[in-house]
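Engineer: Mind folding the following:
(chains A and B)
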2 protein chains.
Amino acid sequence: MKEQLKQEDFSANQTDHYPSRLDTVPKVMARRDPVVYSEWTIDSPLTYAQTESYAHNGFLTLPDILTSSEVACLQRETRALQDGVGVIDSELLVREPGNGALRSIFKVHQINRIFSRLACDHRLISVARFLLGEAVYIHQSRLNFKPAFRGKEFYWYSDFETWHVEDGMPRMCALSMSIVLTPNYGFNGPLMLIPGSHHKYVACVGETPDKHYIQSLKKQEYGVPDDNNLQALAEAGGIETPTGPIGTVMLFDCNTMHGSNSNITPFPRSNFFIVYNACSNRLVAPFGRKPPRPDFLADRGMSGTLPAFEGDSA
Amino acid sequence: MKEQLKQEDFSANQTDHYPSRLDTVPKVMARRDPVVYSEWTIDSPLTYAQTESYAHNGFLTLPDILTSSEVACLQRETRALQDGVGVIDSELLVREPGNGALRSIFKVHQINRIFSRLACDHRLISVARFLLGEAVYIHQSRLNFKPAFRGKEFYWYSDFETWHVEDGMPRMCALSMSIVLTPNYGFNGPLMLIPGSHHKYVACVGETPDKHYIQSLKKQEYGVPDDNNLQALAEAGGIETPTGPIGTVMLFDCNTMHGSNSNITPFPRSNFFIVYNACSNRLVAPFGRKPPRPDFLADRGMSGTLPAFEGDSA
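Structural biologist: Below is the predicted model of the structure:
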C-alpha cells in the first residue's frame, strides 16, 4: 500500500489533498493516507497489539523506554536550559500570554547535545521508521512547559492541519513523540487526545493572517476546529488523558485531535516533543499560499535526516 | 467543645479571629474552630468513617443521596433556568470574561421552587446540622456552569477567607454542598480540593478594592493565596478531584482550599452549590471594613433559616 502511495505522491506532492482555511463553512473529510505504513512482523519494534492500538486510536503510550538515569539526565538538561534561557535566541522561546512565563523552547535537538542524542536514539527512531514506513527526519522539536499556578490551556487542534496549511506538509505521514519530564497528573493540564479522531480531517474556516505563527504559538485562532465537529469527534471517541511516570513516551499521529486544559496546580508539567516526518513527505510550498513559517517550527532543509540503523525492519 | 465555643462567640463575634488582607506579607495560622461540631452517635446521618474522613480531609463525597428521577427533574429545571435566563434579574448572573457565556446563577433557592425544596431537603440539612452542630440557614446558593470548549478556571481559594473579609462571617462554622448535575470527568475542569488544607488559614495580602465582587466573581484577584503557601499545602496534602455520577453530593468545609482548571472539552460541567451556615455564626460587619456584598452573595437576614426536623440528632 505504501509503495503505491509513494509513487502517487512524488508526482502529486504539490496537489492539495487536504484543503483547509479556504471556505467559510467547516468540512470533514476522511483521511486519505494510511496510519501505519509498514506491515507488522515479529521483528517490528512494537508488538502487534501496540501496532493495532496505534492504528485504531491514533496514539500509544510506551512505558519503560528510557532508564531512570537517562530521565534524570534529561531533567538536569531541562533545568539548565530553563536557567540559561537568557542565552537562547529569543525567536526560539514562546512565553505565556499575560504573565510572560516560559511556555516553549523550540529547536531543542539543535541547541542541546543531550536532547539531540535523544531525538536520534535508536529506540525512538526505530518506532517512527516502522510506523511511517521509511527513513525519517526531525520536522520540529520543542520543550513544552506548562507552568504551575498560571499555565494556560492549549486548545484542540490537529498538528497536520497547521503543518499542511502553514508549512506545506503534503500528506499524513508524520508523528509526534512526547517524553514526560515531570509527572503528568490528571489535574495539571495533561495532554488530552480524542481516540479515532485521526481518521477524519476537519477542514477549518478562515484565511490565515500573515505571520500568524507569532500569535498562534501563544493562542491559536486559525486552524481551530469548529465546535460541532469537535463535539462529534469527542462523542464518538471519548477523551483520553494518558498519564504515566517520568520517562514515559507518548506517541501520536500527526492528525490526532489533541489539546490540554489550564494548570492552576503548584505542579508544573514539562514534556519534550519530537516530530518525525517521512523523508518522502518533505515540505513543499505551504498550501495556505502564505510564506512558510521559520525553520525552527518546520525544518525545510531536512538537516536532521536520520540514517537507517542496521537491523531495522522498516 | 461546641457549647464552650458558642458562649465565647456570642460575646466575640465582632472580634477578628482570622485577619486577612491587612498585611503585605502572607501568613498562615492554625484553624481556631472545630471541623465537626457534633459528637458522632449511631443515629448520626453520616457513618463514623465518613465523619472521620470529613474531619481529616475537609471534604466528603456522598453517592446515592438523590434518586435518578430527582436528578432528572433537577436537570430539567437547570435547562429551564438556562433557557429562560432573560427573565432572571441580571444582578444574579455571572458571565465568563471574554466570551460572555453564562457561568453562574445566584440565589437559585429563592428563584426556583424545585431548587428551593432541594436546599431544604432533610437528607442534606440533617448532614449540615450534624457537622455544624446546630440549626443552619442558607448563606448562598448558586448554579455553576463551566461551559464546554471555553470554560475558564476558578483559581484556588478558601471560601471562608472571602466570606470572613467581604461578608463578615465570624467563624469557620459553614460548609458547601455541591450537587453534580452533569458528569464531572477528570478532564472537564472538575472541582479540585487539597486534603487537610482546612486545618490552616492562609491570610492573603492586599486591601480589598471597593465593589470587588463584581470583578471577583469573574476572576478573583484579592483573597487569593500566595504561591508558596499553596505549594506547601498541596505538597503536604496532594490534590484530589472527586468525581462521581450525576446526583452525587460533594460536601466541603468552608476553609478547604479548592479550585478548578479550565474546560476545553465539548462536555459542559454543571453543579448546584448550597452553602449552609450555623445560625450562631450569622454575619456581622465585614472584617475587611468595606460595605458588605449584596444579599444574593451572602444572606444577611437569615431569610432561609431552616427548621429543625424531628428525629435529627443534632
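Engineer: Is the closest residue to A:Asn229 other than its chain neighbours part of a helix or strand, or is it coil?
Structural biologist: Distances taken as CB to CB, 6 or more residues apart in numbering or on different chains put A:Val202 closest to A:Asn229, at 4.8 Å, once the chain neighbours are dropped. All C-beta atoms are positioned from the backbone trio N, CA, C, and that covers glycine. Secondary structure assignment for A:Val202 (DSSP: H, G, I helix; E, B strand; the rest coil): strand.
Engineer: where does A:Val202 sit relative to chain B, distance-wise?
Structural biologist: Distance of A:Val202 to chain B, computed by CB to the nearest CB, to the nearest Å: 13 Å.
Engineer: tell me which element the residue of chain A most remote from its centre falls in.
Structural biologist: The C-alpha centroid of chain A is most remote from A:Ile42, which lies 27.4 Å away (CA atoms, centre = their mean). Using DSSP states H and E, A:Ile42 falls within no helix or strand.
Engineer: ok, how many other residues are close to A:Val165?
Structural biologist: Neighbours of A:Val165 under the rule other CB atoms under 10 Å in any protein chain shown: 27.
Engineer: which residues of the stretch 101-250 of chain A fall in strands?
Structural biologist: Here the stretch 101-250 of chain A has its strands, by DSSP state E, counting those that start in this stretch, at A:102-106, A:136-146, A:154-157, A:174-180, A:191-193, A:200-203, A:249-253.
Engineer: between those strands, which one is nearest to B:Tyr48?
Structural biologist: strand A:191-193 (39.1 Å; CB to CB).
Engineer: elements contacting that closest one?
Structural biologist: Judged by 3 or more CB pairs under 8 Å, 6 or more residues apart in numbering or on different chains; DSSP states H and E, strand A:191-193 is in contact with strand A:258-260.
Engineer: Distance of the closest residue to A:Cys73 other than its chain neighbours relative to A:Leu230?
Structural biologist: Residue nearest to A:Cys73 in three dimensions, not counting chain neighbours: A:Ile114, with 6.3 Å by CB to CB, 6+ apart. Noted for A:Ile114: a distance of 37 Å to A:Leu230, by CB to CB, to the nearest Å.
Engineer: who's more crowded, these two?
Structural biologist: Between A:Ile114 and A:Leu230, counted using other CB under 10 Å, the more crowded position is A:Leu230 (25 against 17).
Engineer: I figured the more buried one was touching B:Pro266, is that so?
Structural biologist: Yes: A:Leu230 is within contact range of B:Pro266, at 5.6 Å (criterion: CB atoms under 8 Å).
Engineer: Please list the residues of the stretch 51-200 of chain A that sit near chain B.
Structural biologist: A:148-149, A:152-153, A:155-156, A:185-187, A:189, A:192 (CB under 8 Å from any CB of the partner chain).
Engineer: out of these, who has the most neighbours?
Structural biologist: Counting by other CB under 10 Å, top hit in these: A:Gly189 with 29 neighbours.
Engineer: can you pull the contacts of that residue?
Structural biologist: A:146, A:151, A:153, A:260-263, A:269, B:261 (CB atoms under 8 Å, 6 or more residues apart in numbering or on different chains).
Engineer: per-residue confidence for it?
Structural biologist: Per-residue pLDDT puts A:Gly189 at 91.
Engineer: now it: how far from A:Glu161?
Structural biologist: Taken as CB to CB, the span from A:Gly189 to A:Glu161 is 22 Å.
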